[in-house]
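Novice: from the sequence below, what's the structure:
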Amino acid sequence: MSPDDTDAEAPTPQDEDAGAPEEPAEPLACSACRGTGKVISNLGGTPSEIDCPWCDGSGVSIPEHDAQAARRAERGEQSEPEGGGGGEAQGDEPEPPDQVA
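Specialist: Predicted structure coming up:
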């Protein structure tokens, strides 16, 4: 058996980077405000420019950010559980009564 014959292969540069999380080259612009950090709110009937609640006015997308969390905190409500969000979730409707024949 020659020294060149081995059972294990030497790691390649791709193998070493496989476990590292990929970072985006540059931050993603917030899609709600298109990177401006401002949106138009019609609350109260009069349009006004406010800081974007989805990026907190930074113009940069914030992954997993809850845009309505601040509003709920002002009203004293608890935040929605994971997977919750607008509309009725499955299981919220009452069960129909069992029909006996």
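Novice: low-confidence stretches in this structure?
Specialist: Within the chain, the stretches with pLDDT under 70 are 1-24, 78-101.
Novice: try it again with 90
Specialist: 1-27, 43-44, 63-65, 67-101 (pLDDT under 90).
Novice: which secondary structure elements does the longest helix along it sit against?
Specialist: Across the chain, the longest stretch assigned as helix under DSSP state H is helix 69-75. For helix 69-75, the packing partners by 3 or more C-beta pairs under 8 Å, 6 or more residues apart in numbering; DSSP states H and E come out as none at all, with no helix or strand in contact. Quick note: C-beta positions are derived from backbone N, CA and C, even for glycine.
Novice: from here on, count from 548
Specialist: Happy to do that; since the first residue is 548 now, the last one works out to helix 616-622.
Novice: how about Lys585, phi and psi?
Specialist: Recorded main-chain torsions at Lys585 are phi -130, psi 150, according to degrees, to the nearest 10.
Novice: and it, what are its bridge partners?
Specialist: Asp598 (DSSP bridges).
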